[in-house]
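Colleague: starting from these lines, generate the structure:
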Amino acid sequence: MSNAPVNEFGSTYRRLSVVLPVRHLTAPLWRLFRVWVATTASQLRERTLRRAERHSATTDRSFSRLHRNVLKIEARRLL
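Modeller: You can find the predicted model right below:
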């Protein structure tokens, strides 16, 4: 055995100089992704609630109109 460095014997292992900056970037990028997902989900929830409120109002109106029509028909039938 000699005191020569391992790379002189043809070792293929080399530490990439890119690994450390990428490791430091992944945590902030992951946080940004989670924030983006959370804001997108909240916007979708709000939009869905607004749409449901709009549709429920029209459904209530049509149901009350139908209910009134049914009551009129029943009243005519009884008279």
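
Colleague: count the neighbours of Arg45 for me.
Modeller: When neighbours are counted by other Cβ atoms under 10 Å, Arg45 registers 10. C-betas here are computed from N, CA, C, even on glycine.

Colleague: does it lie in a helix or a strand, and which?
Modeller: In this structure, Arg45 sits in helix 19-78 according to DSSP states H and E.

Colleague: show me what that helix is packed against.
Modeller: The helices and strands touching helix 19-78, judged by 3 or more Cβ pairs under 8 Å, 6 or more residues apart in numbering; DSSP states H and E, number zero.

Colleague: what's the mean pLDDT across that helix?
Modeller: For helix 19-78, mean pLDDT is 83.

Colleague: and Leu29, how far is that from Val35?
Modeller: Going from Leu29 to Val35 by Cβ to Cβ, to the nearest Å gives 11 Å.

Colleague: likewise Pro21?
Modeller: In terms of Cβ to Cβ, Pro21 sits 22 Å off from Val35.

Colleague: and if you look at His24?
Modeller: 18 Å.

Colleague: ok, Glu74 next?
Modeller: 57 Å.

Colleague: now do Ala27
Modeller: 13 Å.

Colleague: separation between Arg47 and His24?
Modeller: Distance from Arg47 to His24, by Cβ to Cβ: 36 Å.

Colleague: same thing with Thr39?
Modeller: 24 Å.

Colleague: equivalent analysis for Leu49, please.
Modeller: Relative to His24, and taking Cβ to Cβ, Leu49 is found at 39 Å.

Colleague: same deal with Arg54?
Modeller: Distance from Arg54 to His24, by Cβ to Cβ: 47 Å.

Colleague: for Ser42, same thing?
Modeller: Taken as Cβ to Cβ, the span from Ser42 to His24 is 29 Å.

Colleague: and if you look at Arg34?
Modeller: Taking Cβ to Cβ, one finds Arg34 at 17 Å from His24.

Colleague: likewise Arg50?
Modeller: Arg50 is 41 Å from His24, by Cβ to Cβ.

Colleague: cool, and Trp30?
Modeller: Following Cβ to Cβ, the distance that separates Trp30 from His24 is 12 Å.
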